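S.K.: have a look at this prediction, sequence included:
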Amino acid sequence: MFDACADPKSIEGLTWAFCYLTSAKHLDFYRSFLTVIALLAITAPVALAMGFAGATAARSHIPPVSWLGRTYIWMVRGVPDIVFFLFFVIALDQMIEWTKHQFVCPDWSEPIRQGLEFKVCPQAKVPLGASAQIWHQAYGFLLAVVTFAIVFGAFAANVLYGAMNAVPRAQLETAEAYGMSHRQVFRRVLVPQMWVYALPGLGNLWMILIKATPLLFLLGVKDIVYYARELGGSKTQAYEYPHGDWRLWYFLGLMVFYLCCTRLSEIGLARLTRRLSHGQATAAGEALRKAAA
């Protein structure tokens with residue numbers, strides 16, 4: 001990257017360390033932190049929206065809709081996360097390619113399932129084999145976001161379903177007595193009231209989501225775990241920057257990163273809890289009233 005770093009084997013000391021930490025692979029390592037942050041920023045609201053839809057469906061008075069919501073919660077929560085991640089990514093990828101294959105290669109005569117192999121025409125590959133590497137990475141990231149959103153959306157649905165049931169029935173009946181429709185009661189009374197009950201569970205779910213981001217490595221996305229393992233492993237004279245086994249230090253850095261994320265999350269969640277608890281008939285609301293008295 002810099003002229004002084006043109007021959008890594010001829011430099012030493014702080015110059016070597018500077019060149020080592022600014023090498024192309026380390027820059028990719030630093031960018032991979034943005035990948036993790038982007039995953040959290042995108043997945044959290046999508047999973048919350050899916051959870052809200054699932055919880056609303058589970059409470060529906062229409063049996064098929066209620067069954068659909070309950071099945072979504074039960075099915076995803078009943079399967080270990082790692083199994084669902086590995087299965088769903090493969091299944092979703094093959095479904096996308098199979099669907100595209102039906103449109104772009106209608107005259108394809110060979111079977112798609114050939115023993116243990118899944119083969120579609122080259123034009124149906126997603127992304128195409130000739131596509132730039134960035135598109136392959138973006139596609140893998142998209143599959144990861146969808147998978148994370150579905151899994152954590154099911155957990156969020158379970159939390160929100162319990163929070164909706166925790167809202168005192170008397171408040172809903174009072175709103176109905178004032179002439180509000182079921183939709184108005186849901187939108188104006190139930191949803192605003194439920195968040196204070198849902199926040200502890202959603203906060204725990206957010207923490208679990210943060211700790212689950214290393215699963216990106218299993219999904220084929222080059223994340224911080226991938227680069228920490230690659231950069232920290234022993235390097236011989238065949239490499240530009242030979243060094244010993246430094247994985248301990250790289251993974252220690254990842255531990256500090258995750259601890260900082262969780263600590264900042266705890267502070268943010270505590271402030272949000274205090275804000276939502278004002279005026280609420282809950283233990284947190286009662287504590288705030290006593291503190292202000």
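M.R.: Right, received. Where do you want to start?
S.K.: which residues touch residue 136?
M.R.: Applying C-beta atoms under 8 Å, 6 or more residues apart in numbering, we find residue 136 in contact with residue 127. Any C-beta I mention is one placed from the backbone N, CA and C, and that applies to glycine too.
S.K.: strands of the protein, residue ranges please.
M.R.: In the chain, the strands defined using DSSP state E lie at 113-114, 117-118.
S.K.: mean pLDDT lowest where, among the ones you listed?
M.R.: The minimum mean pLDDT among those belongs to strand 113-114 (a mean of 77).
S.K.: how far does that one sit from the chain's center?
M.R.: Remark: strand 113-114 is offset 32 Å from the chain centroid, using C-alpha atoms, centre = their mean, to the nearest Å.
S.K.: again, but for stretch 73-86
M.R.: Chain-centre distance of stretch 73-86: 14 Å, with C-alpha atoms, centre = their mean.
S.K.: name the residues that touch that stretch?
M.R.: For stretch 73-86, the surrounding residues in contact (C-beta under 8 Å, 6+ apart) are 54, 58, 147, 150-151, 153-155, 157-158, 161, 212, 215, 218-219.
S.K.: which stretch among the strands of the chain comes nearest residue 277?
M.R.: strand 117-118 (52.0 Å; C-beta to C-beta).
S.K.: need the residues that contact that closest one.
M.R.: 94, 97, 112.
S.K.: could I get these as JSON lines with neighbour count, distance to residue 36 and pLDDT?
M.R.: Formatted as JSON lines, the contacts of strand 117-118 follow (neighbours: other C-beta atoms under 10 Å; distance: C-beta to C-beta, whole Å; pLDDT from 0 to 100):
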{"residue": "94", "neighbour count": "15", "distance to residue 36": "27", "pLDDT": "86"}
{"residue": "97", "neighbour count": "17", "distance to residue 36": "27", "pLDDT": "87"}
{"residue": "112", "neighbour count": "17", "distance to residue 36": "35", "pLDDT": "81"}
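S.K.: out of those, which is nearest to residue 254?
M.R.: Once C-beta to C-beta is applied, the member of these that ends up nearest residue 254 is residue 94, at 32.1 Å.
S.K.: name the nearest residue to that closest one, sequence neighbours excluded.
M.R.: residue 118 (5.5 Å; C-beta to C-beta, 6 or more residues apart in numbering).
S.K.: bridging residues for the one you found?
M.R.: When assigned by DSSP bridges, residue 118 has beta-bridge partners residue 113.
S.K.: what about it, distance to residue 125?
M.R.: Applying C-beta to C-beta, to the nearest Å, the value for residue 118 to residue 125 is 11 Å.
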